[in-house]
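Chemist: got a sequence here, can you build the structure:
(chains A and B)
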Amino acid sequence: MIGLIYKDIKTALLQYKIILILLALYFGYSFMKMDLGFFTSMEPVLTMVLVMLTFGYDERSGWDKIACTIPYGRDKIVISRYFYSLLVVTVLAVLHLCVSIILKATWAQIADSLLLASSLSFTFMGLMFPVFYKFGSEKSRMVFLILFIGMMLASSLIGDGANSVNLELFLNYKGLWLLIALMIFCVSAWISCLIYRRKQFN
Amino acid sequence: MEYAMDVQNLVMSYPRFTLKNVSFKLPCGYIMGFIGENGAGKTTTIKAVINLIRRQSGDVKILGKGIDEALKDIAVVLGDSSFPDGLTPKDMNFILRNAYPKWNSNTYSMYLEMFNLDPSKNIGTLSKGNKVKVMIAAALSHEARLLVMDEPTSGLDPVFRSEILDVLHEYVQNDENSVFFSSHIVSDLEKISDYVTMIHDGEILFSMKLDDLMNRYRIVTLSKKEMANVNRKKLIGLRKTEFGSKALVLNGDFNADKYALDTPTLEQIMLYNIKNEEKQR
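Modeler: Next up, the predicted model:
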């Protein structure tokens, strides 16, 4: 499984220039505003970009077909992708921490923003991974876009006004949200394994 | 006799295509060429054998085992797939040594060197031929007893193809290793195959030793006058020429003293058989 995670890391790093530009933009904007909010909200998007890259490259080269003929077992191929995404969340969390310290955020702010970003990342990935495994990365991109806009709209609708996101709803139950997000992520891994076991490579 | 591949009554049904009770056996230590025109069912058969698609019915044994248990003892090279872009052959060494219990990094390096491949070069920047070479190098580096290859040489130049054929020939010299090699470049298969299986429209037309197959048929050249007198039922596929006709016939059906008979090539056997099948529909 280490080999598969290594493969995903190497594949994602192919687009290191784009990743660095995105990070610089997010960091620059947050630094200009001296506000962690933007960085926090874009972190799940960056996580998804890094994950979608690996799905895309695998699909383009036909690696999935080859991987299924190597004695990893289909479940391990799926689980390794979940471990890779955990690694992405962890690395971005460390980066988040560094940015927070530079922006002189309080520990409470850091904890809240980290929990929010991680919860969103796990939820996005948890919902999207089975879709990726079922329909492939090309078709799933549109689903991701719809999901992203949908979640933004939903948070606006339950907010104070039409355009504001009600963070209090999250902050009051932040532990619970993270727990729910992690549960979604775990159930997603199980569903993805089921999908991938039956996947046909026509 | 131990079989590297034993496929029995494989059935796959799609709206416009069906694999009809595909059966064949590849004894250990031999190379089997799998021929057929585009769309005949070669790739579908291979995918069903290695479980990339679920078979509706039929039984497949690889080295006497089910495919899942046999995966560590086989190597698969698919012409339409490659190792991911962005990785290098050196990266693949790290990735695959964690997957195969018998992975041998020295053998892998030896093959990379033999194929003139730079271990540090991004696979994405390699030509199609070199991508295939990396996969073949990997396939030969974990003591696999069966090599399954689906159209690995299509679209590649003759020099490269010849190089691969030499490697495959060397690979089966220990009498234990076997190769199942599909290609529509029949001349390649004719050079190295011990057995040939032909599929047409999802159906196996024949599966036998190449020598027996070549001995089974003859090409008869018939003048217009001779054509009028022959039993047409004995002609397997017929091709009209300027001076008469040529047909594939069973060896012995036509007297060599009376008719002009030639030994056919594998390609001719394939083409005439396809013609014959289409005529009978």
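
Chemist: so residue A:23 sits in a helix?
Modeler: Yes: the assignment for residue A:23 (DSSP: H, G, I helix; E, B strand; the rest coil) places it in a helix.

Chemist: three-state assignment of the closest residue to residue B:10 other than its chain neighbours?
Modeler: Computed as C-beta to C-beta, 6 or more residues apart in numbering or on different chains, the closest residue to residue B:10 that is not its neighbour in sequence is residue B:58, at 3.5 Å. (C-beta placed from N, C-alpha, C; glycine too.) Three-state call for residue B:58 (three-state DSSP): strand.

Chemist: now do residue B:15
Modeler: Relying on three-state DSSP, one would call residue B:15 coil.

Chemist: how far away is it from chain A?
Modeler: To chain A, residue B:15 is 12 Å away according to C-beta to the nearest C-beta, to the nearest Å.

Chemist: which regions of chain B sit below the pLDDT cut-off?
Modeler: B:279-281 (pLDDT under 70).

Chemist: before we move on, what about chain A?
Modeler: Applying pLDDT under 70 to chain A flags the ranges A:154-170.

Chemist: got the residues of it near chain B?
Modeler: Within chain A, the positions adjacent to chain B are A:1-4, A:6-7, A:10-11, A:13-14, A:57-58, A:60-63, A:65-66, A:68-73, A:198, A:200-202 by C-beta under 8 Å from any C-beta of the partner chain.

Chemist: in helices, which of these fall?
Modeler: A:2-4, A:6-7, A:10-11, A:13, A:57-58, A:60-61, A:63, A:65-66, A:68, A:198 (DSSP state H).

Chemist: can you report how many residues neighbour whichever residue of chain A sits closest to chain B?
Modeler: Using C-beta to the nearest C-beta, the single residue of chain A nearest to chain B is residue A:62, 2.9 Å away. Per other C-beta atoms under 10 Å in any protein chain shown, the neighbour tally for residue A:62 reads 17.

Chemist: which single residue of chain B ends up nearest chain A?
Modeler: Closest point on chain B to chain A, by C-beta to the nearest C-beta, is residue B:81, at 2.9 Å.

Chemist: so that residue: helix, strand or coil?
Modeler: Classification of residue B:81 by three-state DSSP places it in coil.

Chemist: ok, it - contacts?
Modeler: If a contact means C-beta atoms under 8 Å, 6 or more residues apart in numbering or on different chains, then residue B:81 has A:61-63, A:65-66 as its contacts.

Chemist: cutoff 6 Å now
Modeler: Residues near residue B:81 by C-beta atoms under 6 Å, 6 or more residues apart in numbering or on different chains: A:62, A:65-66.

Chemist: pick the one among the residues you listed closest to residue B:105.
Modeler: residue A:66 (19.0 Å; C-beta to C-beta).

Chemist: work out for me the element residue A:84 sits within.
Modeler: Assessed by DSSP states H and E, residue A:84 sits inside helix A:74-102.

Chemist: what helices or strands is that helix leaning on?
Modeler: Using 3 or more C-beta pairs under 6 Å, 6 or more residues apart in numbering or on different chains; DSSP states H and E, the elements in contact with helix A:74-102 are helix A:2-13, helix A:37-61, helix A:107-157, helix A:174-198.

Chemist: and if we set it to 8 Å?
Modeler: Applying 3 or more C-beta pairs under 8 Å, 6 or more residues apart in numbering or on different chains; DSSP states H and E, one finds that helix A:74-102 contacts helix A:2-13, helix A:16-33, helix A:37-61, helix A:63-68, helix A:107-157, helix A:174-198.

Chemist: same for the fourth one, what does it pack against?
Modeler: Right, the one you point to is helix A:63-68. Other helices and strands packing on helix A:63-68, by 3+ C-beta pairs under 8 Å, 6+ apart, are helix A:37-61, helix A:74-102, strand B:74-78.

Chemist: any buried residues in the second one, and which?
Modeler: Neighbour counts using 16 or more other C-beta atoms under 10 Å in any protein chain shown place A:74, A:76-85, A:88-89, A:92-93, A:95-96, A:99-100 of helix A:74-102 among the buried residues.

Chemist: can you check stretch A:108-125 too?
Modeler: A:109-110, A:112-125.

Chemist: show residues contacting it.
Modeler: A:36-37, A:39-41, A:43-44, A:47-48, A:51, A:82, A:85, A:89, A:92-93, A:96-97, A:100-101, A:105, A:144, A:147-148, A:151, A:167, A:170-171, A:174-175, A:177-178, A:180-182, A:184-185, A:188.

Chemist: going through these, which ones are buried?
Modeler: A:36, A:39-41, A:43-44, A:47-48, A:51, A:82, A:85, A:89, A:92-93, A:96, A:100, A:105, A:144, A:147-148, A:167, A:170, A:174, A:177-178, A:181, A:184-185, A:188.

Chemist: residue B:273: what's it in contact with?
Modeler: Contacts for residue B:273 were tallied using C-beta under 8 Å, 6+ apart; they are B:198, B:200, B:205-206, B:236-237, B:248.

Chemist: name the element the nearest residue to residue B:174 once chain neighbours are set aside belongs to?
Modeler: Using C-beta to C-beta, 6+ apart and skipping residues adjacent in sequence, the residue nearest residue B:174 is residue B:29, 7.8 Å away. Using DSSP H and E, residue B:29 sits in no helix or strand.

Chemist: where does residue B:8 land in three-state SS?
Modeler: Residue B:8 ends up strand, using three-state DSSP.

Chemist: ditto for the one 3 residues further on
Modeler: Using three-state DSSP, the three-state assignment for residue B:11 comes out as strand.

Chemist: looking at it, it is touching residue B:18, isn't it?
Modeler: Yes: using C-beta atoms under 8 Å, residue B:11 is in contact with residue B:18, at 7.5 Å.

Chemist: which parts of the stretch 1-150 of chain B sit against chain A?
Modeler: Contact residues (C-beta under 8 Å from any C-beta) of the stretch 1-150 of chain B with chain A: B:47, B:50-54, B:68, B:71-72, B:74-76, B:78, B:80-87, B:91, B:94-100, B:135.
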